[in-house]
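J.: My questions concern the predicted model and sequence given below.
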Amino acid sequence: MGIKRFKPLTGGLRFAALSDFKELTKGTTPEKSLMEPLKQTGGRNSYGRITVRFRGGGHKQMYRVIDFKRDRIDQPAVVLSIQYDPNRSCRIALIEYSDKTKAYILAPLELKVGEKVLSTNTGDVEIRSGNAMPLKRVPLGIAVHNIELSPGRGGQMARSAGTSAQLMAKEAGLAQLRLPSGEMRKVSLECRCTIGQLGNVEHETKCWGKAGRARWLGWRGRVRGVAMNPVDHPHGGGEGKAPQGNPHPVSPWGMKTKGLKTRKPKKYSNQFIVKRRTK
């Protein structure tokens, strides 16, 4: 696992920094029984209206069904391979249970092919990367990922490449977690999590090198507001390269785009947040 750089033979290679994919298991193909078609939306909702701008095109992808719940209790599974997933930044691991049932899980940093992983509700299992258990069974200070927000719902937090949350305290049936953003949050001790930090840590240092590689992923070019006409954007218009003109930058619909708080002040989850990620 690492970052690969290139000789500047072309403009697109000069600044490119891409993954070398050395952590992937060679000679493996995706498990067809765990793949589903993924419809491309082009940033449009069910009414055909654009809700996310500058999306569209890109290569066709199949969705890999990930086991976020890890609800097969006390059934050990063997890691068959570490694979690439086009739908997420981290790698995924193909595991096989004793009854030959296969599943995909998020691949932690230290997980290797041939190792065994286990999901349990007791505290008798070794605290090792890939094992899943409730937060009440995890010692303090351990790094965890794929954390549930409510018991039985499946992991929702700390799922991207290189991330993990740290278990800081336990009190009154709640666990205090320090999330990758720096936020301190309370979660029920009955919520399940997976031990370890997720792999592909170098993901944040990658550089596509050219606009075309972003287009392959379905990202279209983002047009600046000052380059538009006044009918299309509040920053548009003017003679030559005119500045935005507004006292503060705004969105195409007139909302402030820097520093505006969009979180509801009375959101239900405020009671579980001990410390916000912002000062």
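T.: Structure received. Numbers count the residues shown, from 1 in each chain.
J.: Roughly how far does Thr122 sit from Arg137?
T.: Distance from Thr122 to Arg137, counting by CB to CB, to the nearest Å: 7 Å. Every C-beta, even on glycine, is put in place using the N, C-alpha and C of the backbone.
J.: of these two, who's got more company?
T.: Arg137 (18 against 10; other CB atoms under 10 Å).
J.: looking at it, that one is touching Asn121, isn't it?
T.: Yes. The pair Arg137 / Asn121 is scored as a contact, 7.5 Å apart, by CB atoms under 8 Å.
J.: Show the average pLDDT along the strand or helix carrying Val274.
T.: For Val274, the host element (DSSP states H and E) is strand 273-275. For strand 273-275, mean pLDDT is 94.
J.: now do stretch 95-114
T.: Here the average pLDDT along stretch 95-114 is 95.
J.: do stretch 55-71 as well
T.: Mean pLDDT, computed over stretch 55-71, is 95.
J.: Quick check: buried residues in it?
T.: By neighbour count on 16 or more other CB atoms under 10 Å, the buried set for stretch 55-71 is 55-56, 58, 64, 66-68, 70.
J.: so where do the helices sit in the protein?
T.: 11-14, 211-216 (DSSP state H).
J.: Point out the one among the ones you listed that comes closest to Asp99.
T.: Proximity to Asp99 (CB to CB) singles out helix 211-216 among the helices of the chain, at 38.8 Å.
J.: Next, find the distance separating the closest residue in space to Pro252 that isn't next to it in sequence from Pro108.
T.: Distances taken as CB to CB, 6 or more residues apart in numbering place His233 nearest to Pro252, at 5.1 Å, with adjacent residues excluded. Counting by CB to CB, the gap from His233 to Pro108 is 44 Å.
J.: Which residue is most remote from the mean position of the protein?
T.: Most distant residue from the mean C-alpha position of the chain: Glu239, 42.8 Å away (CA atoms, centre = their mean).
J.: Now for the buried residues of stretch 55-71: which two are most distant?
T.: It's Gly56 and Arg70 that sit farthest apart of the buried residues of stretch 55-71, by CB to CB, at 35.0 Å.
J.: okay, now Leu140: neighbour count?
T.: Leu140: 11 neighbours (other CB under 10 Å).
J.: what residues are up against it?
T.: 167-170 (CB atoms under 8 Å, 6 or more residues apart in numbering).
J.: Mind giving me the ChimeraX select for those residues, buried ones only?
T.: Applied in ChimeraX, the following selects the buried portion of these according to 16+ other CB under 10 Å:
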select :167
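J.: Looking at the contacts of Leu140, which one is closest to Arg153?
T.: Nearest member of those to Arg153, counting by CB to CB, is Leu167, at 18.7 Å.
J.: returning to what we had before: what's the closest of the contacts of Leu140 to Met184?
T.: Met168 (7.1 Å).
J.: picking up where we left off before, and of the helices of the chain, who's closest to Gln83?
T.: When the helices of the chain are compared by CB to CB, helix 211-216 sits nearest Gln83, at 19.2 Å.
J.: For the closest one, which outside residues touch it?
T.: For helix 211-216, contacts defined as CB under 8 Å, 6+ apart pick out 12, 16, 57-59, 208, 221.
J.: Output those as CSV; include the columns distance to Ser251.
T.: What follows is those, written out as CSV (distance: CB to CB, whole Å):
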residue, distance to Ser251
Gly12, 31
Ala16, 31
Gly57, 24
Gly58, 24
His59, 30
Trp208, 25
Gly221, 18
